[in-house]
Structure formats: C-alpha cells, structure tokens
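**Student:** Attaching a predicted model along with its sequence, questions to come.
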Amino acid sequence: MAETGEQVLLRTRVDAELREFARRETDRLVAIDADLLPVAEQLDVALTGGKRLRASFCYWGWRAAGQPDSDALVRAAAAMELVHAAAVVHDDLIDESPIRHGVPSAHVALRAAFTGRPRPHAGSRALALLTGDLLMSWAAELFLCCGLPSAYLSRARELWLVMARELIAGECLEVLRTGSPPDTGRSLQVIRYKTAKYTVEHPLRIGGALAGAPGAVMEAFTAYGLPLGEAFQLRDDLLGLFGDPELTGKSNLDDVRGNRPTVLLAETWAAATAAERRELRGLLGRRDLEGEGLSRVRSIMRRTGAPERVEEMIDERVRAATDALDRADLPDGAAAALSQMVASAAARHS
C-alpha cells in the first residue's frame, strides 16, 4: 500500500532531525580524535534509510491522545529510531550477519579500520559493539533533550525503562534459545520481546504517555500494538527465508545459518517427518551453507505448510489489531493513520 502524503512528510521530518543530531554528535566524537572517524561513519550508516515506523507510532500515539503537531515531539519520536539502530547493530553482531540494507554490517565494515593490523575480526566486533552502545546512549539523549516540558518527559520515563529492559530480554532469549528444540510458543515469546513490543506497542504508549493519554487509550494502544508488532516480526521471518534480498537488503541464508528460533522453523519442525528432521539437523546452523542447502530447507518448509500457517498467524494478528483500533475512541486523523500503518507493518516486501 502506497504511503500517504502525511506519512512521507513525517518521515522527512524525522530524517531531518536524525541527520542534524547525528551531524552534531559525530562532529563532537571526531573532535576527540580523528582516529574515531570510522566509528562516526558507521553511526551515519546506521541512521540512513528505513521506514521510520517506530517514530511514526510514537507520533501518532501523541496525536491519538488529542495533542497537536509538535516539532519537539517529532524529536522525541526520532529517538525511537536510534533505539532501533542500536538494536540492529547489536543484532547483526550477535548473528554474524554480513549485510544489512544491502551494505556491509557495522562489524564487517569496521574491519577496514584494522587493515594490516593483528586480529582485525576481533577489533571490528569490539568497535561495532561500542557503536551500538553509543546509539542507545544517543537515543536517551535525543529523547531527554527533545524540547518537551520535563513534566511531560517524566510521564514516559518508566515506559522508556521498560522498553529497554524488554528489548534486551528478548535479545537474550533469542541467544539462549538458538539451537534449542524448536517450539512455537517459545519462539513467539522471543519475537514479542525482541521486536514486537519496541516496534509498535512501546512507541505508541510512550507517545501517549508524553501526551497524558488516559488509561483507556493506553490499553487500546496495547491491544492494537502487541498483535501488530508480532505480525510485523512474523512477516520479517517469512521475508528472511523467502523474500527478495534486493528488497530486504539481507541474505536469505542468515536465519538458517544461525539456526535462529523463528516461528517459521518451529512450525516446520512440528510438521516434519523423522527423515526431514534428520535432514534439518544436518543443515541448520551450518556457517558454510549455500544455495542448495537453503533450497532444501525451503522445500521442507513448503512441504509442511509452515509458511501458510505463519501467514494465518499474521492474518489473525492483523484482525486483532484492526478490531482493537475499531473499538478505540481515537480522533479521526490518528485512527486513519494507525489504520494505514497496519498495512505498512504487516503487508510489506522489505
């Protein structure tokens, strides 16, 4: 579904705020020492492109509570994108993903800073870790210095802490469950905390809290945001295996090589024959896996009907989010924007 003019304008405003903030902060970083230039460059890369969904959900959480447009709120919303950028850098590092959005991931690109020196792999990974840490620090800085009154910010402080805690908990659960026996319920828990909540629910609720939204509106945000966030990640899992890398910017091999605890894999495992499970054991987690092995994993997934079941899960969650939005008493403009964003989050190709 095509973006509305309002969505494009909001994304443009968020991009402008991020560019200005990143320019100022990277200048300060490089002023410490020119050797930090490679890190500064990766900070810029981390903030380039993207749909700015998290910032948009924060903005419409604010507007849904009856507040008018605000440049200060747009800056606060842009901080959600810095949280996402930090998560992406750390995620690629943990998963050893070589490519993100069609360019080398931070830990790969930073190897150039160690040319001709010992242990470039370890050095670049350390720098990528610190780059992600700095992005998370930037997120808090931009949020706290956005220009909204301190009384407004204090209303969202606890929600910010919850968002950070649950995001890291989800990442930890994925690491702990990678390579463990596939289980749909446990995989759903991972995506709920690793992605779903910080993609939709938390940005919405933070925007609402900043605006002083009443309890009923905040409850509606959860009823809408949690299933939609899960639909977003379930779609991401499907695109990770069956999407066009030219559109997703990621390799189709990543999830298979990493043997990640995705719902798609869990649903495949549950319906696989004993022979197919033996075959999957020999393929999943192999760092040297190439196209032929990927084709076989896809074949087993299709044979078991796992992609269709994940599509059904997405449809169920989209209906739940839509129903929650229909029941909520939100201003027309905010309701229309959040309805449009259901398609942006769940029915996408990248």
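**Tutor:** Good, I have the coordinates.

**Student:** If we ignore the residues flanking it in sequence, what's nearest Ala271?
**Tutor:** Thr304 (3.7 Å; CB to CB, 6 or more residues apart in numbering). Using the backbone N, CA and C atoms, a C-beta is placed for each residue, glycine as well.

**Student:** just checking, that neighbour touches Ala272?
**Tutor:** Yes - assessed by CB atoms under 8 Å, Thr304 is found in contact with Ala272 at 5.6 Å.

**Student:** Tell me how many other residues surround the residue nearest to Ala271.
**Tutor:** 18 (other CB atoms under 10 Å).

**Student:** just Gly215 next, same as before
**Tutor:** Gly215: 7 surrounding residues under other CB under 10 Å.

**Student:** quick revisit: report the contact partners of the residue nearest to Ala271.
**Tutor:** 267-268, 270-272, 276 (CB atoms under 8 Å, 6 or more residues apart in numbering).

**Student:** try Ala65
**Tutor:** 207-208, 211-214, 217 are the contacts of Ala65 under CB under 8 Å, 6+ apart.

**Student:** Using CSV, please lay out the residues you listed together with neighbour count, distance to Glu158 and pLDDT.
**Tutor:** Shown next, in CSV, are these (neighbours: other CB atoms under 10 Å; distance: CB to CB, whole Å; pLDDT from 0 to 100):
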residue, neighbour count, distance to Glu158, pLDDT
Gly207, 30, 15, 98
Gly208, 26, 13, 98
Ala211, 22, 15, 98
Gly212, 14, 14, 97
Ala213, 24, 14, 97
Pro214, 11, 17, 96
Val217, 21, 17, 97
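
**Student:** Next, give me the two most distant ones among those residues.
**Tutor:** The most widely separated members of those are Gly207 and Pro214, with 13.9 Å between them, by CB to CB.

**Student:** Just give me the neighbour total for Arg303.
**Tutor:** Each residue near Arg303 was counted by other CB under 10 Å, and the total is 13.

**Student:** now it: how far from Glu279?
**Tutor:** Relative to Glu279, Arg303 is positioned 11 Å away (CB to CB, to the nearest Å).

**Student:** And Gly170, by the same measure?
**Tutor:** Taking CB to CB, one finds Gly170 at 30 Å from Glu279.

**Student:** which SSE is His349 in?
**Tutor:** Counting by DSSP states H and E, no helix or strand carries His349.

**Student:** Nearest residue to it in space, ignoring adjacent ones along the chain?
**Tutor:** Among residues not flanking His349 along the chain, Leu247 sits closest, at 5.2 Å (CB to CB, 6+ apart).

**Student:** In which helix or strand does that neighbour reside?
**Tutor:** helix 245-248.

**Student:** contact partners of the helix or strand just after that helix?
**Tutor:** Tracing the chain C-terminally past helix 245-248 and defining elements by DSSP H and E, one meets helix 254-258 next. For helix 254-258, contacts defined as CB under 8 Å, 6+ apart pick out 95-97, 178, 237, 240-241, 260, 262, 264-265, 283-287, 289, 293-294, 297.

**Student:** Low-confidence ranges, the protein, go.
**Tutor:** 1-3, 350 (pLDDT under 70).

**Student:** For this protein, which segments count as strands?
**Tutor:** Counting by DSSP state E, the chain has strands at residues 99-100, 103-104.

**Student:** Name the stretch among those strands that sits most buried.
**Tutor:** Sort the strands of the chain by mean neighbour count, taking mean count of other CB atoms under 10 Å, and strand 99-100 sits at the top with a mean of 20.

**Student:** Contacts for that one, please.
**Tutor:** 88, 92, 105, 108, 249-251.
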